[in-house]
Structure formats: C-alpha cells, structure tokens
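Visitor: Coordinates for the following, if possible.
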Amino acid sequence: MAHEEGAFLNFVKLYTPALTSSGVPPHVWQSLYEKLSNEVFDAGEMFGIMQVEEVEDGEETENIQEKRKKPNPSHEPCYKVIVTHENGLQASNPQSIFLIDHAWTFRVERAREQLLQVPGLLHRMGNLMGIEFHGEVPDEGVVEEVLKEMWKYNQTYQLAQGTAEEKVPVWYIMDEFGSRIQHSDNPTFGTAPFFYMEQEIAYTLLWPLQNLENGDEVSRDYTYGVSDPLIRKCMLLPWKPVDLTNVSCHVPEPPESHYQAILAENKECLPISIKPLTCPKDKVFRVYTEVQQVLDHLNDPRFAFTADEKEADILYSFSHIKDYRKLSEERPHVLLNQFPCENLLTVKDCLASIARRVGGPDGPKWLPQTFNLQTELPQFISYFQQREWRDEDNHWICKPWNLARSLDTHVTNHLGYIIRQRESIPKVVSKYIEDPVLFHRDDVGMVKFDIRYIVLLRSVKPLKLYAYDVFWLRFSNRPFALDKLDDYEKHFTVMNYAQNVELKQIHCDEFIPLFEKQYPEYSWKDIQAEIFKAFVELFEVATAKPAPLGICDYPSSRAVYAIDLMLKWDKNSDGKKIMQPQILEVNFNPDCARACQYHTTFFNDIFSVLFLDETNNCNVTRTV
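Guide: So this is what the prediction gives:
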C-alpha cells in the first residue's frame, strides 16, 4: 500500500504541470494514475456511438444505431457520442476520467509513406473518415483523400526535449470513439493529450465538465482556449465552412507596442549610446569564439584567439547576446558579431512585418505574400477565398517562425490544412512560388533551385552592406510539378541534412554559364543587380526606424547573414517576362562549411570587412 502511495505521489510530482495546464481536475488524478498503470479503457462502459441522419424539410435529426457507413452523395452521415450508462455521469465522481487511444500517430512528412506501408492503416483511416475503399491494394486516390480529410481529425502535441527534428510537432488521430466526439461552443467534456512517459505512449484524456444523464451528448470545444468570435469562426472553418471574403485582407504594419512586446519576450536589453571605436592600424584583435569554423579557418595575423572572454576585443558568438546594456556600459568597445533587434530580419513573421514598409498594400515584389497565422488568420482566409473566387493559384507554404532547414514546413492548397497548422508551433504562411524559374539538370530534368548569398552588415548609420561575391546553390532532386506536395525532393532544395538523399552541388562559376545557356535572353549580371537591389531595400527598411522598430544602431555591432532566395517568373509594367527575386528567409550565423571548403580565405575576408573595414581583395561587393 505504501509503495502504491509513493508511486502515486511520484506521478503527481511529475505530471502536475501538464495536468494543471490542461485543466484536468485534481480529484480524478488518482483514478487517472490507476487507469494508466493498468491500461484500463473503460469508456465503452459509459458511452456509445450513434449515427445521425439529417432529414430534409427541416425535420429534426433522428438517431439510429450505428451501422456500416454507406456512401451518400447528398447527405454524409455523421456520428456523435452519447452517455449510455443508465445512471448518467457525475462530474464530481473521482472515477470520471477516461483514456482515449490513438489510432495513428505521425509526423506529416511520413504520413503518405505510412498509409502505403503500414498494414491495415489506410483501410482503418478510410473507414474512420467515411471514405469509400475498394480492394486490398492501397489506392493512390484513397491516400490523397485521407491526406486531405485527416485535417478534420488531427490533433497535435510537441515533445519538449530532444533534437530539432524530435521537437517537430507530432500529429495524431484518436480512435473511432474519440474521433466521433463532436464540437460544441458549450462543451460537456474536456479533452487533452497526455504523454505517459512510463509507457512512452500518448493518450487523450476525457473528463466531464458537468453532470450528464443517460442520452446526453459528449461534446468538446475544437477551439478550446480561443475567445475571440472571429478567430473561433476561422478555426472552425475546416468543419463549418464560412465566407470571410468581406474581411479586409490588408494587414497594416503592427503598432510600436508589438515590437516592444517582442523585445520583452526576447529578454533583450538595448544598449546605451556609445561612440565608435578607433584603433591604431597595427592593432592585433583578440577574438573569443566558440564557433568551430572560425577557430579552424581564421588565420589572418591581424587576429589572435583568446580563451579568456574578458580580454577579448571581438566576441564572435554562436548564441544570441541579450544584455546589450551591460555590455555597452562595461565594455563599449568590444566588437560583436550581432546587432540588437536583428530578429526583425531573422524571424519570419517579423521579416514580413518590416517588409510591408515597402511597396504599398501588397508589400514588396521581392517577398512572397505572407501572413502570421497567430495574428493575421482572418486576413489570410479572406485573401485565400478571394483568390479562390478569382480562380487564381492558391498553393501556400507554412513555415515555423523560428526553425531552419525546412523542418515542419508544409506545401498545400488545402485551406483546412493551413488553418490547423495554427494549433502547432507558431507559423507563417507564404504564397508558394507556383511558377519558379527552373534549372535543367542533365540527370533529372527541370528542377527548382534556390540561391544563398552571404551578406555582411558593417554598420546601421551609415548603412554599410556588402555581399560576398561567391553565392551557393541548392537543387531539388525531382522535376518540378504542382502535385504530390508532400514530396520533399520535388518541392524542397535543402538536401544536406536529409539521410540517403543526393546532394547536388554546382559552384557558382560553373552555374552562371550553364544558366545563361538555358536562358540566353537573361544575363546573370542583370539578375544579380535585381537581387542586390532587393537586399538594399530590405536593409533600408530594417534600419530606417529606431530600435525596437528597426535594427539598433550600435557602433560596436557587425553581422553575417545568409539570405536564401528563389527566382520566379513575373511581368514588368511593359508586359515583358522577367525573373523576379523572391527572398525566402534571412539566417543569423549561418553554416559556412561549404564556404570554408571551397574558399579557404572566407573567414579572413569576413573579418577584414567587418572588423577592420578593409575590403581590398576580400571578394565582396558593396551594395550600399
């Protein structure tokens, strides 16, 4: 008995934060512990599933016993869960907590593969979603239908620990019982995902919010925690279609309070005003860094490494500095490889916000139309529906605000899919480039490619921006087409982190003549001039306003960024086809392994430009 009590106390100690944040009432925790420990699934003793058939002419719905669902083109039958225990259910009863099993748990990039390979999974999902299924061999059409319909059934959670890949949100579909529980604005039950570490299994917990009688419906709030009526309407759209084209899709730049809130959330303290550093020409700068690529490749005699951070003249840090105020007060002339408020460039929703300072209501031509799914969902849905009404392309790409390497990034033209992404980690949704400029690979055909430029921000006032003369290319491995949107090697170009995937590399000196041969009417020199023009506009608006509305003018700051971009086909004012640069993202402290591999002087060049203000023979072009 003492052992049991001790085990329960350990359970409470371990899971109190999760249970409390989910709203699970403490009086059922003991019962929950026992049901988890003994794998007790007793919901069948309390509840039943009923099929609801809608009758025409406004008659009331009629409940009949559950039966095998048959395809019905005019009325799709739906199900609901009711209390079937003759004595009903008391919310105060300590036993009133139930485990719902999960029928399918997956990460989105593996969904198609699992449906095709896991025995019985496609049949089960087809039956659960009411999709007609013939034969035993997985049918590609059914797979597509399940991949579309699953966004009405998916739930999500995220692991708190692990690698970046392991932290990518997990999606799951509850078993037939859990999946039949319908939405209500006044729900009778609460639900929450619960990861039971002892078994390494996730369940959904179900508990009553009120007393229920035999025959009462079990319902839950699909938009739990959301109070704004318009946002609730938006988030319920996958189940309850609604026309939002009357909502203005114009997104003004956020107020100053928005940027102040970001500053506070980042725990960044702005520096005090200081004077720029002046140094003798023969000074040898002591560099403190934990960046291995710098330690391995910086060998210019004007720089020397130190293991003591306190004696450094240059701090070249891999992690973000937070307390600029303290640095500016105590060590104002220590040079840094980052700027206060540079997240305005490197975080995707902030990049979209500041970019709207250019180009009127639609923003600049060099940035795909972008919406923040947390704060701009109604505007996005309106914009999507208006494009749909005009029969314009509606392919979109959902990206996490703050993850790189294409992790948890989704391409889709399905509105419900996009809306449900709001429930996982914070994301932006950007117009997918449906007509990219392609590159012909002899071994594959016409593929997508993107370009990475390294840019060096030497100062904010005056604005000094350089681009490294060598750029890097990444290619897809399969011919581009607007189908199989979950085919990574067709729609993405980041191959250097994926296992057992070919990484195609071409040096820019080799790429330029090949590209100009494929597109003889377009010179790379002119294209690059447009690319640099986009960079200049971006950094001008990013530095135009004082911090925290813009990158902080801190004289001791310098920075290296990687800008990833693609080219898309567009038309100029004369109707002539042009290649329009599209900035995809800006990365802080980028991986420079390829740069060091092919250009042994890379970090010598970078440090000379940033910290010595010397550009001769450094392979850079000043863009501002």
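Visitor: Only C-alpha atoms from now on, for both contacts and neighbour counts.
Guide: OK.
Visitor: which residues sit against the one helix or strand residue 146 maps to?
Guide: Taking DSSP states H and E as the criterion, residue 146 maps to helix 140-149. With contacts defined as Cα atoms under 8 Å, 6 or more residues apart in numbering, helix 140-149 is touched by 111-112, 115-116, 122, 125-126, 129, 131-133, 414, 417.
Visitor: Out of those residues, list just those in helices.
Guide: With helices defined by DSSP state H, the entries of the contacts of helix 140-149 inside them are 111, 112, 115, 116, 122, 125, 126, 129, 417.
Visitor: List just the nearest of those residues to residue 238.
Guide: residue 417 (8.0 Å; Cα to Cα).
Visitor: What distance do you get for that closest one to residue 236?
Guide: Computed with Cα to Cα, to the nearest Å, the distance linking residue 417 and residue 236 is 12 Å.
Visitor: Kindly report the same for residue 482.
Guide: 28 Å.
Visitor: One more: residue 325?
Guide: 45 Å.
Visitor: Of these two, give the one with the bigger neighbour count.
Guide: residue 236 (20 against 16; other Cα atoms under 10 Å).
Visitor: Contact partners for the more buried one?
Guide: For residue 236, counting by Cα under 8 Å, 6+ apart, the contacting residues are 222, 223.
Visitor: low-confidence ranges in the chain?
Guide: Residues of the chain meeting the criterion pLDDT under 70: 1-3, 54-77, 138, 402-405, 496-499.
Visitor: Apart from its neighbours in sequence, what residue is nearest the residue nearest the centre of it?
Guide: For the chain, residue 400 is the residue whose C-alpha lies nearest the centre (Cα atoms, centre = their mean; 1.6 Å). Leaving out its chain neighbours, the residue that sits closest to residue 400 by Cα to Cα, 6 or more residues apart in numbering is residue 427, at 4.2 Å.
Visitor: what's the host helix or strand of residue 192 packed up against?
Guide: Per DSSP H and E: residue 192 is located in strand 189-196. Packing partners of strand 189-196 (3 or more Cα pairs under 8 Å, 6 or more residues apart in numbering; DSSP states H and E): strand 201-208, strand 217-220.
Visitor: who wins for proximity to residue 335 among the ones you listed?
Guide: strand 201-208 (48.3 Å).
Visitor: what's the spacing between that closest one and its chain's center?
Guide: Centroid separation between strand 201-208 and its chain, computed with Cα atoms, centre = their mean, to the nearest Å, is 26 Å.
Visitor: and that strand with strand 189-196, angle?
Guide: 160 degrees (axes from the mean of the first three to the mean of the last three Cα atoms, to 10 degrees).
Visitor: Partner strands of strand 201-208, with direction?
Guide: strand 98-100 (antiparallel), strand 189-196 (antiparallel) (DSSP bridges).
Visitor: Can you tell me which of these is packed in deepest?
Guide: strand 98-100 (a mean of 23; mean count of other Cα atoms under 10 Å).
Visitor: contacts for the helix or strand hosting residue 536?
Guide: Element membership for residue 536 (DSSP H and E) is helix 524-543. Helix 524-543 is touched from outside by 344-345, 354-355, 357-358, 366, 460, 463, 465, 467, 512, 515-516, 550-553, 579-581, 623-624, with contacts defined as Cα under 8 Å, 6+ apart.
Visitor: Downstream of it, the next helix or strand is which one?
Guide: As assigned by DSSP H and E, the chain's next helix or strand after helix 524-543 is strand 559-571.
Visitor: SS state for residue 580?
Guide: Here residue 580 is strand, with the state taken from DSSP: H, G, I helix; E, B strand; the rest coil.
Visitor: Make residue 1 into 713 and carry on from there
Guide: Happy to do that; since the first residue is 713 now, the last one works out to residue 1292.
Visitor: Next up, the contacts around it.
Guide: 1077, 1078, 1242, 1279, 1280, 1281, 1282.
Visitor: Mind doing that once more with 7 Å?
Guide: 1078, 1279, 1280, 1281, 1282 (Cα atoms under 7 Å, 6 or more residues apart in numbering).
Visitor: would you list the residues you listed in JSON lines and tack on neighbour count?
Guide: JSON lines is the format used below for those (neighbours: other Cα atoms under 10 Å):
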{"residue": "1078", "neighbour count": "25"}
{"residue": "1279", "neighbour count": "23"}
{"residue": "1280", "neighbour count": "18"}
{"residue": "1281", "neighbour count": "15"}
{"residue": "1282", "neighbour count": "16"}
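Visitor: Pick out the most distant pair among the residues you listed.
Guide: Once Cα to Cα is applied, these give 1078 and 1281 as the farthest pair, at 11.8 Å.
Visitor: Can you get me a residue count around residue 873?
Guide: 8.
Visitor: Checking the closest residue to it other than its chain neighbours next. Helix, strand or coil?
Guide: Leaving out its chain neighbours, the residue that sits closest to residue 873 by Cα to Cα, 6+ apart is residue 879, at 6.8 Å. On the three-state scheme (three-state DSSP), residue 879 is labelled coil.
Visitor: isn't residue 879 right up against residue 869?
Guide: No: with contact defined as Cα atoms under 7 Å, residue 879 does not reach residue 869; the gap is 9.6 Å.
Visitor: higher neighbour count, those two?
Guide: residue 869 (19 against 16).
Visitor: list the contacts for that one?
Guide: Going by Cα under 7 Å, 6+ apart, the list of residues near residue 869 reads 881, 882, 883.
Visitor: OK, contacts around the first one?
Guide: Right, residue 881. So residue 881 contacts 819, 868, 869, 870, 1136 (Cα under 7 Å, 6+ apart).
Visitor: Tell me how far it lies from residue 1203.
Guide: 20 Å.
Visitor: One more: the last one?
Guide: Plainly put, residue 883 is 22 Å away from residue 1203 if you go by Cα to Cα.
Visitor: Of those two, give the one with the bigger neighbour count.
Guide: residue 1203 (24 against 19).
Visitor: Now for residue 1273, how many residues are close by?
Guide: The burial count for residue 1273: 21, using other Cα under 10 Å.
Visitor: you'd agree it is up against residue 1304?
Guide: No: assessed by Cα under 7 Å, residue 1273 is found out of contact with residue 1304, at 10.4 Å.
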